[in-house]
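*Asks:* Following is a predicted model, sequence given first.
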Amino acid sequence: MSRNQWPAELVVKALQREGVRAMFGIFGGHIASIQDYAYRAGIDVLQVRHEQAAVHAADGYARATRGPGVCFATAGPGMTNTVTGMHMAYVNRTPVVLLLGGHKVREEGRATIQEADARSVLSSVTKSFRRVTVPEQADLYVRMAFREAMTFPYGPVAIEFPNDLFNDHPIPPESRIGWPGAGVHLGRPPAVAGDPRGVASAFEALSRAQRPLIIAGDGVHWDDAGASLRELIEKLSVPLSMRRHGRGAVPEDHPLVIPAPARKRALENADVVMLLGIHLSYLEGFGDWKTSAKFIQVSRHPSEVAVNLPTLVEITADQDTFLHQMNALAADLPTDQPRPSLPWSDACRTDVEQWRARRDADVRDLLGREVIHPIAFASELSLLLPHDVPIILDSFTGSGFLAEFLQPKASGRVMDAGLSAAFGHGVGMALGASMASDGGPVVSVLGDGGVGLGGGDIETAVRYKLPVVFLVLNNSALGSGMEDYAYGPDYSILGAKSRGGWNLTPGVRYDQMFAPLGCHTEFVTRLDELQGALDRSFRSGLPSVVNVVVDRNAQPALYETVHAREMFWHLPADEVMEPARRRHHETLFPRYHGGMTLSEALDPKEGSDS
């Protein structure tokens with residue numbers, strides 16, 4: 001009979017069987033036993049400054065490795081601090097396993113320290129939650145947690161370990177219930193081939209289409225299907241647009257790739273559109289596109305299929321296996337006949353070239369400005385970034401401008417908040433992405449807000465010698481350009497107590513703020529200084545903070561889109577600035593209210609008298 005072992009030690013052995021190499025969190029008495037055995041087992045345990053950053057780090061680690069990321073937190077406030085990070089992982093479908101210390105079972109309901117109902121708190125942002133009140137079942141629950149996180153649709157799960165049960169007394173290992181046995185590792189989900197008849201129908205529709213289009217999403221990244229996808233589009237001459245983590249699955253400078261901002265015309269005119277591993281959410285307008293195309297939808301799970309689209313065939317499969325099936329059929333096509341889609345793909349390439357020419361002309365108009373415009377910054381940064389370095393987008397102003405300029409050459413290299421639309425994740429996520437490559441370089445683009453929320457964990461990067469380059473777009477505002485767009489000088493529309501609205505203290509020297517921690521720092525006020533600042537930062541091998549002063553009055557394109565239509569309706573129409581008054585009050589409100597004007601909505605009698 002083997003020696004008795006602490007339940008926490010058995011939990012860590014279960015983590016090792018799942019292949020866990022790193023975990024992120026903050027020390028606390030309720031989780032200490034599991035944390036300490038993780039150290040002793042040789043797992044990389046990174047102590048961060050805020051539990052939110054720990055979850056973001058696990059999220060970044062998971063996206064970079066295509067496997068589960070692990071984080072931990074103590075009971076009560078440690079657990080509640082994870083909610084934002086878990087929400088981001090949940091809406092982005094990232095496989096994160098959160099290990100929680102829990103209040104004692106013997107003291108539940110007696111006003112014990114750090115008592116909280118973690119299940120209730122986290123239930124809406126996790127795929128599953130388990131409080132392990134029988135230590136002998138810990139192995140089983142750990143195994144189930146990793147399986148659930150990596151079962152499509154992926155997502156975060158949480159396991160709570162009450163302190164008195166896991167740090168009370170050792171137990172015989174053979175007493176474990178549902179113990180899977182040594183050496184068991186679930187690994188990645190199995191390959192799933194598409195139904196051959198469905199695949200044949202999809203191939204026939206796509207290969208015969210005159211104006212085909214493929215839109216690829218996150219699933220292409222998680223299934224590592226980039227090489228197979230490139231083979232298919234080249235065999236069939238099909239234009240490709242990639243979204244979210246799928247960006248870069250085929251290098252975005254490929255002649256068949258259509259960047260998202262240039263996709264609208266192709267989608268409107270396509271006759272067959274194949275959706276690969278993409279979840280049609282708010283970020284895709286829910287798929288309510290203006291097009292007469294017929295659709296082919298491919299996903300690992302039927303829940304991903306958009307029922308609002310005219311669909312020729314639905315296929316349940318992993319993306320790489322499905323693409324292998326399609327490529328096998330394409331191998332039988334005659335090589336001496338041109339593809340019917342060639343004129344279309346040539347036309348799409350011309351459209352992309354024209355779009356880039358217009359965009360480059362806009363950039364040229366902004367390059368010579370005394371204060372750096374975010375568009376000029378985005379254009380310059382995209383030219384200077386090493387292609388193999390992951391980039392985290394965590395800046396309301398900068399991310400919107402930067403996304404369209406990036407041309408990743410591998411999937412999963414561009415990470416952002418996605419549907420959570422939060423900020424402050426850029427520091428923690430960069431820690432995880434760097435750990436995923438054994439301490440490789442990462443670029444994190446932050447705004448003032450992101451530094452305020454997550455900047456404390458820049459010290460974590462210093463402590464663990466992670467060479468992250470934190471690029472701070474310092475525009476001294478939480479909402480760039482709001483004054484000139486709608487609110488008036490000094491946010492006058494809000495009254496005497498506006499106190500500058502959501503402008504921040506101007507000219508904060510973030511570089512000087514983090515220099516004492518041991519960061520390499522740079523201060524950039526002119527665009528021609530950016531290249532040298534980046535070169536020195538990468539060469540330093542240290543965490544770097546590059547403080548880039550940009551125009552506070554630059555207005556993101558979001559303000560002019562229908563996505564922001566309700567953003568300004570509540571403001572008094574006779575006080576709101578142009579162009580918001582014309583765009584939102586006079587145009588968008590009637591469009592979305594059956595022709596009713598704002599005046600009629602505020603005073604129904606006005607409408608009845610007319």
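*Replies:* Good, I have the coordinates.

*Asks:* Each with direction, which strands does whichever helix or strand V548 is part of pair with?
*Replies:* Element membership of V548, judged by DSSP states H and E, is strand 544-549. Its sheet considered, strand 544-549 pairs with strand 468-474 (parallel), strand 520-524 (parallel) by DSSP bridges.

*Asks:* could you dump these to a markdown table with mean neighbour count, mean pLDDT and distance to M577?
*Replies:* In this view, the C-beta of every residue, glycine as well, is placed from N, C-alpha and C. As requested, the strands paired with strand 544-549 are exported to a markdown table (neighbours: other CB atoms under 10 Å; pLDDT from 0 to 100; distance: least, CB to CB, whole Å):
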| stretch | mean neighbour count | mean pLDDT | distance to M577 |
| --- | --- | --- | --- |
| strand 468-474 | 29 | 95 | 24 |
| strand 520-524 | 21 | 98 | 30 |
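
*Asks:* Show me how far the strand holding V548 is from its chain's centre.
*Replies:* Distance of strand 544-549 from its chain centroid, counting by CA atoms, centre = their mean, to the nearest Å, is 23 Å.

*Asks:* State whether M577 is indeed within a helix.
*Replies:* No: counting by DSSP: H, G, I helix; E, B strand; the rest coil, M577 is not found in a helix; it is coil.

*Asks:* wait, isn't it in contact with M482?
*Replies:* No: using CB atoms under 8 Å, M577 is not in contact with M482; the gap is 9.4 Å.

*Asks:* So for the two, which sits in the more crowded spot?
*Replies:* Relative neighbour count places M482 above the other of M577 and M482, with 24 against 18, counting by other CB atoms under 10 Å.

*Asks:* Can you name the residues that contact that one?
*Replies:* By CB atoms under 8 Å, 6 or more residues apart in numbering, M482 lies in contact with 491, 501-502.

*Asks:* Can you tell me which of those residues is nearest G541?
*Replies:* W502 (36.5 Å; CB to CB).

*Asks:* Skip the chain neighbours and tell me the closest residue to that closest one.
*Replies:* Distances taken as CB to CB, 6 or more residues apart in numbering put L478 closest to W502, at 3.9 Å, once the chain neighbours are dropped.

*Asks:* Next: S420.
*Replies:* Spatially, and ignoring its direct neighbours in sequence, S420 is nearest to M88 (4.1 Å; CB to CB, 6+ apart).

*Asks:* ok, and what's touching the strand holding V548?
*Replies:* Here strand 544-549 makes contact (CB under 8 Å, 6+ apart) with 371-372, 377, 458, 467-475, 507, 509-511, 513-515, 519-525, 530, 533-534, 537-538.

*Asks:* ranges for the helices of the stretch 401-550 of the chain?
*Replies:* Taking DSSP state H, counting those that start in this stretch as the test, the helices found in the stretch 401-550 of the chain are 426-436, 448-454, 458-463, 482, 510-514, 530-540.

*Asks:* hang on, I meant the stretch 101-250 of the chain
*Replies:* Under DSSP H, counting those that start in this stretch, the stretch 101-250 of the chain gives helices at 118-122, 138-149, 163-166, 196-208, 218-222, 226-236.

*Asks:* could you redo these as CSV and give each row distance to H56, mean pLDDT and mean neighbour count?
*Replies:* Output for the helices of the stretch 101-250 of the chain, formatted as CSV (distance: least, CB to CB, whole Å; pLDDT from 0 to 100; neighbours: other CB atoms under 10 Å):
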stretch, distance to H56, mean pLDDT, mean neighbour count
helix 118-122, 16, 93, 18
helix 138-149, 16, 92, 22
helix 163-166, 25, 82, 22
helix 196-208, 37, 96, 18
helix 218-222, 18, 95, 29
helix 226-236, 25, 97, 20
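
*Asks:* For S33, find the nearest of the ones you listed.
*Replies:* Here helix 163-166 is closest among the helices of the stretch 101-250 of the chain (CB to CB), at 5.7 Å.

*Asks:* shaky segments in the chain?
*Replies:* Applying pLDDT under 70 to the chain picks out residues 1, 179-187, 397, 606-610.

*Asks:* which residues sit in contact with the residue nearest the centre of it?
*Replies:* Central residue of the chain (CA atoms, centre = their mean): D416, 3.6 Å from the mean position. By CB under 8 Å, 6+ apart, the residues touching D416 are 392-394, 399, 403.

*Asks:* Then A62?
*Replies:* 68-69, 89, 94-96, 432.

*Asks:* Turn those into JSON lines, including secondary structure and distance to R247.
*Replies:* Converted to JSON lines, the contacts of A62 look like this (DSSP: H, G, I helix; E, B strand; the rest coil; distance: CB to CB, whole Å):
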{"residue": "P68", "secondary structure": "coil", "distance to R247": "22"}
{"residue": "G69", "secondary structure": "strand", "distance to R247": "20"}
{"residue": "A89", "secondary structure": "helix", "distance to R247": "19"}
{"residue": "T94", "secondary structure": "coil", "distance to R247": "16"}
{"residue": "P95", "secondary structure": "coil", "distance to R247": "19"}
{"residue": "V96", "secondary structure": "strand", "distance to R247": "21"}
{"residue": "G432", "secondary structure": "helix", "distance to R247": "19"}
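
*Asks:* Widest-spaced pair of those residues?
*Replies:* P95 and G432 (12.5 Å).

*Asks:* and for these two, which residues touch both?
*Replies:* The overlap between the contact sets of P95 and G432 (CB under 8 Å, 6+ apart) consists of 62, 69.

*Asks:* Please identify which of the contacts of D416 is nearest to Q114.
*Replies:* Q114 lies nearest to D394 out of those, by CB to CB, at 29.9 Å.

*Asks:* V442 is in contact with the closest one, correct?
*Replies:* No: the pair D394 / V442 is not scored as a contact, 11.8 Å apart, by CB under 8 Å.

*Asks:* L280 - nearest residue in space that isn't next to it in sequence?
*Replies:* G287 (3.8 Å).

*Asks:* Need the contact partners of the very next helix or strand once past the strand holding V548.
*Replies:* Counting by DSSP H and E, the next helix or strand C-terminal to strand 544-549 is helix 580. Residues outside helix 580 that contact it (CB under 8 Å, 6+ apart): 485-486, 559, 568, 571.

*Asks:* starting at the chain centroid, how far to helix 580?
*Replies:* 29 Å.

*Asks:* Three-state assignment for L100, please.
*Replies:* Secondary structure, three-state DSSP: L100 is strand.

*Asks:* That one pairs with what?
*Replies:* What pairs with L100, by the bridge criterion (DSSP bridges), is A73, E160.

*Asks:* circling back: hmm, which of the contacts of A62 are the buried ones?
*Replies:* The neighbour-count test (16 or more other CB atoms under 10 Å) marks 68-69, 89, 94-96, 432 as buried among the contacts of A62.

*Asks:* Give me the neighbour count for H245.
*Replies:* Other residues close to H245 by other CB under 10 Å number 27.

*Asks:* and what of R176?
*Replies:* Using other CB under 10 Å, R176 has 21 neighbouring residues.
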